[in-house]
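Trainee: what follows is a predicted structure for the sequence shown.
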Amino acid sequence: MLARFSNLALLPILLGFGAPLSAQSKPTKANFERAIAAWLGSDAHEAAKRSAAVEATLAGGKAAMRHLGGIAKKVTPTTAEGTRAEILIRDVALGYLDRESNSGMFYAGQYEALDPLQPAIGRMFLQLVIETPDWFPDNLRVSVVPALRDLFPEAPTEAQREDLREIAIDEDHEPANLRWALACALAEWGDRSLVEPRLRELEESAGKRQNGDELYFVHQLAFLHYQLREYGTAAKVWLEYLRGREAIDSVPPPLDYYNAACSLSLSGRIKDALAELERCATRQVSDEVDESQRVERKLFDHDPELRAVRPTKKFRELVKRAFPPEEGSGR
């Protein structure tokens, strides 16, 4: 799906990298062992080696994460090398957070690549939310919550969950987006007490026939089930919303069809997902659709939520329909 998180682009500057990571040249995967070794054996103030190690690790993907995680388990934390390993793990995690939060996508499993850096990385992310250090902006804590959900599939400790719950119910001091993100995380870990009232409210409003006005609540309910990673229910509600809009001659934008297709794909309903993507493609090229409601090509090409439908011939045909070659481009 399309991302809706705060921009983290200032993190590299806060960490002393200089330019944002995405603006620097990325080393090849083969360089990560050498770059990491250079940083671990350097003076702690050598910012260039530190930055190079972060870039190489991020570019190296899962193999680099496993390599760094293996080093972290071997070094002695109280030594200079151990301290530099800890710094590198922190910087890599924040660089990854920066990259993914600004990728234009969000999906379950987006932060699983950081798992080789556990348990250090999980502790650090929990601290960013619960005991936020001065260098980490408060308004960026919400962007950490999806990483917590991926890194703690079996849930944090009871004490940690209670700390997170205290933040989630603190209406006087905590922003609404952070409180809701934590409510959804807690629901995934077994505590649905903070999401159930909203679910009941939306279900009640969605069930009232109001000349189509109730479809707003159906839309909100579909997205809520998606946030809770209840993809089968989300898919069902998305279809109710879309068919309802069409029945009153209020055709939804392509982004709504796309989001429905994601939930259908994730719940294994391949034919239905392709049917909604076909409707998405038709609306995508309509002159009546505002540019802000169109779907970016990179989502069709890379969104993991469409992994199940992407190999089909039908999907490839729909991509061509949704993104026809520009006149005179030759593509």
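Mentor: Arrived safely.
Trainee: can you give me phi and psi for residue 105?
Mentor: When read as degrees, to the nearest 10, the backbone of residue 105 gives phi -140, psi 150.
Trainee: let me know the pLDDT of it.
Mentor: pLDDT for residue 105: 87.
Trainee: okay, and the beta partners of it?
Mentor: residue 2 (DSSP bridges).
Trainee: correct me, but it touches residue 301?
Mentor: No - Residue 105 is beyond contact range of residue 301, at 10.8 Å (criterion: Cβ atoms under 8 Å). To be clear about C-beta, it is placed using only N, CA and C from the backbone, and glycine gets the same treatment.
Trainee: so the protein: which segments form each domain?
Mentor: Domain assignment for the chain, taken from automatic domain parsing, gives 11-105+114-130, 196-322.
Trainee: re earlier: higher neighbour count, residue 105 and residue 301?
Mentor: residue 105 (18 against 11; other Cβ atoms under 10 Å).
Trainee: ok now the longest helix along the chain, how far from the chain's centre?
Mentor: Assignment by DSSP state H gives helix 47-74 as the longest helix of the chain. Put simply, helix 47-74 sits 21 Å off its chain's centre (Cα atoms, centre = their mean, to the nearest Å).
Trainee: buried residues of whichever helix or strand comes after that helix, list them for me.
Mentor: For helix 47-74, the succeeding helix or strand toward the C-terminus, using DSSP states H and E, is helix 80-101. Neighbour counts using 16 or more other Cβ atoms under 10 Å place 82, 84-85, 87-98, 100-101 of helix 80-101 among the buried residues.
Trainee: go on, stretch 308-326?
Mentor: Within stretch 308-326, the residues scored as buried using 16+ other Cβ under 10 Å are 308-310, 315, 318, 322-323.
Trainee: chain center to that stretch, what's the gap?
Mentor: Distance of stretch 308-326 from the chain centroid (Cα atoms, centre = their mean) equals 24 Å.
Trainee: got the end-to-end distance for it?
Mentor: By Cα to Cα, to the nearest Å, the extent of stretch 308-326 from end to end equals 28 Å.
Trainee: contacts for that stretch, please.
Mentor: Defining contact as Cβ atoms under 8 Å, 6 or more residues apart in numbering, one finds that stretch 308-326 is touched by 254, 261, 265-266, 268, 270, 273-274, 277-278, 280-282, 284-285, 295, 297, 300-301, 306, 331.
Trainee: give me the number of residues near residue 50?
Mentor: Residue 50 - counted by other Cβ under 10 Å - has 22 other residues nearby.
Trainee: tell me how many other residues crowd residue 244.
Mentor: 17.
Trainee: ok, the closest residue to it other than its chain neighbours - contacts?
Mentor: What sits nearest to residue 244 in space, not counting adjacent residues and going by Cβ to Cβ, 6 or more residues apart in numbering, is residue 215, at 4.8 Å. By Cβ under 8 Å, 6+ apart, the residues touching residue 215 are 206, 241, 244-245, 248.
Trainee: returning to what we had before: which helices and strands sit right next to the longest helix of the chain?
Mentor: Applying 3 or more Cβ pairs under 8 Å, 6 or more residues apart in numbering; DSSP states H and E, we find helix 47-74 packed against helix 32-40, helix 80-101.
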